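>>> Task: produce atomic coordinates for the following.
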Amino acid sequence: MRIRRYSVSDAPAVHSLFIDSVQKLCRSDYSFNEIAAWAPVDADAEIWAGRFSDQHSIVAEDEDGVIIGFGSADIGKGYVDMLYVSPSVAGHGVGKTLLKALESRMDPPITVHASITACPFFRSQGYSIVRENIVVRGGVRIKNYLMRKM
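This is a model prediction of the structure:
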């Protein structure tokens with residue numbers, strides 16, 4: 001596995017991985033409507049690509065150069081914005097490697113809004129729940145948790 005900086009040319013692969021990850025890994029914790037609102041397949045590619053421009057964004061590639069995970073963070077605020085892995089490699093250390101790479105650039109405390117699905121992963125990495133949080137996407141209320149690592 002290789003970790004490298006995100007490039008705008010990665011946007012289509014990263015967006016596809018995001019959709020696949022949410023749809024497959026989160027379906028036992030979220031309803032069909034919640035998943036459809038959270039990860040709409042028809043999201044604008046330019047808006048998606050622009051989301052990474054103001055953050056430190058990285059991707060993980062397998063030995064064939066296929067993107068198997070990605071993460072982004074607002075380094076100055078100590079905030080992990082996104083961290084997603086391909087369902088095919090979930091549980092194999094990709095998320096942990098990406099998170100460590102992001103954390104290495106930030107001073108504690110570090111925060112993240114973690115999904116119900118990701119909450120156990122972040123707990124295993126030293127994060128604790130600060131509070132339950134609700135985000136609204138496309139008029140649908142979606143629960144996650146504000147978590148912090150000191």
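>>> From now on I want contacts and neighbour counts done on CA atoms only, so please keep to that.
Will do.
>>> Select the longest helix from the protein.
helix 11-25 (DSSP state H).
>>> so what secondary structure elements neighbour it?
Where contact means 3 or more C-alpha pairs under 8 Å, 6 or more residues apart in numbering; DSSP states H and E, helix 11-25 is packed against helix 32-38, helix 45-50, strand 67-74, strand 79-85.
>>> mind checking which of the ones you listed is nearest residue 140?
helix 32-38 (6.3 Å; C-alpha to C-alpha).
>>> Which strands or helices does that closest one pack on?
On a contact count with 3+ C-alpha pairs under 8 Å, 6+ apart, helix 32-38 meets helix 11-25, strand 140-149.
>>> And the last one, what's buried?
Just to be clear, that refers to strand 140-149. 142, 143, 144, 145, 146, 147, 148, 149 (16 or more other C-alpha atoms under 10 Å).
>>> could you dump those residues to a markdown table with pLDDT and distance to residue 46?
As requested, the buried residues of strand 140-149 are exported to a markdown table (pLDDT from 0 to 100; distance: C-alpha to C-alpha, whole Å):
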| residue | pLDDT | distance to residue 46 |
| --- | --- | --- |
| 142 | 98 | 24 |
| 143 | 98 | 27 |
| 144 | 98 | 26 |
| 145 | 98 | 28 |
| 146 | 98 | 28 |
| 147 | 98 | 29 |
| 148 | 98 | 31 |
| 149 | 98 | 32 |
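>>> And the contacts of the worst-scoring helix or strand of the chain on mean pLDDT?
Every helix and strand of the chain was ranked by mean pLDDT, DSSP states H and E. The lowest is helix 45-50, at a mean of 72. Contact partners of helix 45-50, identified using C-alpha atoms under 8 Å, 6 or more residues apart in numbering, comprise 8, 11, 12, 15.
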